[in-house]
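Undergrad: could you look at this predicted model? Sequence included:
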Amino acid sequence: MPNIRASQRDADRLWGVFGVALGATFVVWTVSWLVTGISEQDERCAQGMVGPGGNFRLEESSFPPDVSCVYEDGTTLSSAGALVWIFWAAVVVLTVSGLGALALELAGVRGAKAASRLSKLAITGAAALAAVYALAFLVTGSPKSDPLQTCSAFTTGIYERAQSVHRTPFPAQTTCVYADGKTYDLVPGWMGTLEWTLLAATSVCAAGAVRAGRYANGDTGAGVTPRVTEPDQSR
């Protein structure tokens, strides 16, 4: 029991770190989105306002939001700058603390308390998955929308009419398909990765909650000696 309590205390600390890292990731992503939106990095590079001048190519990212001008001599100018490094540092802390906390939770999968904790984590994971899944479809519009409306040039940067729109149920994805064979995914790839991650975490927590509940009810499974209560011989 002391080891289980210690594991739960350590897990609580790591969940605290996870929460702080999650908040930091969201804040840095939002600031990067704002900075990139107002920077007009492509125009500044094209007009020679920044960089060494000459030919360059644009590299765009949504995780975190960033637009970079990459010149032929290797010079790279990023709209988000140091925010990119801060973002990825927060993501690393987020991932490590989350995995560590979940491992500690699963290390003490026995008893009603463990079942309750893991059940809450499973519910939280399911809610987060539902939110991300809904957001993925929200940003792509109604399935009944016309391809021209769904795959607007403002969104895709492709100034031709999409021939069709292909939708994938899971992970949620909407792909614009053009007559020349080109395709454009409207949902960022990292959202699909996040959906799979949340699904896996939710499934693991749910399985752990069921197992912990069995321990609490005295069903320890095959090959394990069940707990036997000694009869009261004081009478």
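TA: Perfect, I can see it now.
Undergrad: wait, S119 sits on A207?
TA: No - at 11.2 Å, S119 and A207 do not qualify as touching, with contact defined as CB atoms under 8 Å. Every residue, glycine included, has its C-beta placed from N, CA and C.
Undergrad: so which of the two has more stuff around it?
TA: Set S119 next to A207 and count neighbours by other CB atoms under 10 Å: S119 wins out with 17 against 14.
Undergrad: and that one, helix, strand or coil?
TA: helix (DSSP: H, G, I helix; E, B strand; the rest coil).
Undergrad: where along the protein do the strands fall?
TA: In the chain, the strands defined using DSSP state E lie at 56-62, 65-71, 76-78, 164-168, 173-177, 183-185.
Undergrad: for V28, find the nearest of the ones you listed.
TA: Closest of the strands of the chain to V28 is strand 65-71, at 10.1 Å (criterion: CB to CB).
Undergrad: pLDDT averaged over that closest one - what is it?
TA: Strand 65-71 shows a mean pLDDT of 89.
Undergrad: any residues touching that strand, and which ones?
TA: Contacts with strand 65-71, where a contact means CB atoms under 8 Å, 6 or more residues apart in numbering, come from 29, 32-33, 36-37, 39, 41-42, 45, 50-52, 54-61, 76-80, 83-84.
Undergrad: what do you get for stretch 51-62?
TA: 42, 45, 66-73, 75, 77, 188, 190.
Undergrad: and the end-to-end length of stretch 64-80?
TA: Start and end residues of stretch 64-80 are separated by 8 Å (CA to CA, to the nearest Å).
Undergrad: check which residues of the longest helix seen in the chain are buried.
TA: Secondary structure assigned by DSSP state H gives helix 2-39 as the longest helix of the chain. Residues of helix 2-39 classed as buried by neighbour count (16 or more other CB atoms under 10 Å): 4, 7-8, 10-11, 14-15, 17-18, 21-22, 24-25, 28-29, 31-33, 35-36, 39.
Undergrad: likewise for stretch 89-102?
TA: 90-91, 93-94, 97-98, 100-102.
Undergrad: same check, this time on stretch 125-135
TA: Quick answer for stretch 125-135 (16+ other CB under 10 Å): 125-126, 128-129, 132-133.
Undergrad: state the pLDDT value of the residue nearest the centre of the chain.
TA: Nearest residue to the geometric centre of the chain (CA atoms, centre = their mean): L194, 3.3 Å. Among the per-residue scores, L194 shows a pLDDT of 89.
Undergrad: who are the contact partners of it?
TA: So L194 contacts V132 (CB under 8 Å, 6+ apart).
Undergrad: give me the distance between it and T124.
TA: 14 Å (CB to CB, to the nearest Å).
Undergrad: can you check A207 too?
TA: Taking CB to CB, one finds A207 at 15 Å from T124.
Undergrad: count of neighbours near G54?
TA: When neighbours are defined as other CB under 10 Å, G54 has 11 of them.
Undergrad: before we move on, what about L106?
TA: 18.
Undergrad: how many residues are close by the residue nearest to it when sequence neighbours are not counted?
TA: Spatial nearest neighbour of L106, chain neighbours left out: G208 (5.2 Å); criterion: CB to CB, 6 or more residues apart in numbering. By other CB under 10 Å, 23 other residues sit near G208.
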